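K.L.:
mind looking at a prediction? Sequence and model below.
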Amino acid sequence: MENKKQWYVVVTKPRAERKVAERLLQMDIEAFCPTRIERRQWSDRVKKIEVSLLPSMVLVNLEQKDRDRVFQTQGVLRYLFFLGKPAQVRNEEIEALREVVEKGSHVLEVRSISPGDRIEVPGFGSLPQKGIVRQVSGNKCWVVLEQLGYVVTLQL
């Protein structure tokens, strides 16, 4: 069985994402920490600062057998797990994140959703429809659009 590199999600100490990514790169571990520019208001000034797009997370590309190497880096807490296994990120998702960062696309918000949340669903006529999240499973979400009488499945 051939060992193949895979993207994993490493959980870091709060606000340590960029430093951890830097340290991993120095250890010859491919790491990616997507960031965005945010404007912050202080009492005497407004400043643009770079913040992580994925709070407390760094993406690392390595082989299964090398996964323990990341724990040699200060600031790494653990791997993110999903369904009892280390969470893996597809190359297409990494490329999409890189495109967001490179093009400077405006990301308004990154947050998790759970059943009962109200979200806006675009693409139904001229106005977006508001719906209630019924279920979230894996990378899919089922949203009830009460006004239209539909249940819509969204790919997250």
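P.N.:
In hand now; what should we look at?

K.L.:
now stretch 132-142: how far from the chain's centre is it?
P.N.:
17 Å (Cα atoms, centre = their mean, to the nearest Å).

K.L.:
stretch 97-104 now?
P.N.:
On Cα atoms, centre = their mean, the centre of stretch 97-104 falls 13 Å from that of its chain.

K.L.:
which positions within that stretch qualify as buried?
P.N.:
The neighbour-count check on stretch 97-104 (16 or more other Cβ atoms under 10 Å) flags 97, 101 as buried. Any C-beta I mention is one placed from the backbone N, CA and C, and that applies to glycine too.

K.L.:
try stretch 5-25
P.N.:
In stretch 5-25, counting by 16+ other Cβ under 10 Å, buried: 6-12, 16-21, 23-24.

K.L.:
quick one: which of these is nearest Phe71?
P.N.:
Here the nearest of these to Phe71, counting by Cβ to Cβ, is Val10; it sits at 9.3 Å.

K.L.:
is the spatially most central residue of the chain in a helix, a strand, or coil?
P.N.:
Nearest to the mean C-alpha position of the chain, counting by Cα atoms, centre = their mean, stands Leu54 at 4.7 Å. For Leu54, the assignment made with DSSP: H, G, I helix; E, B strand; the rest coil gives coil.
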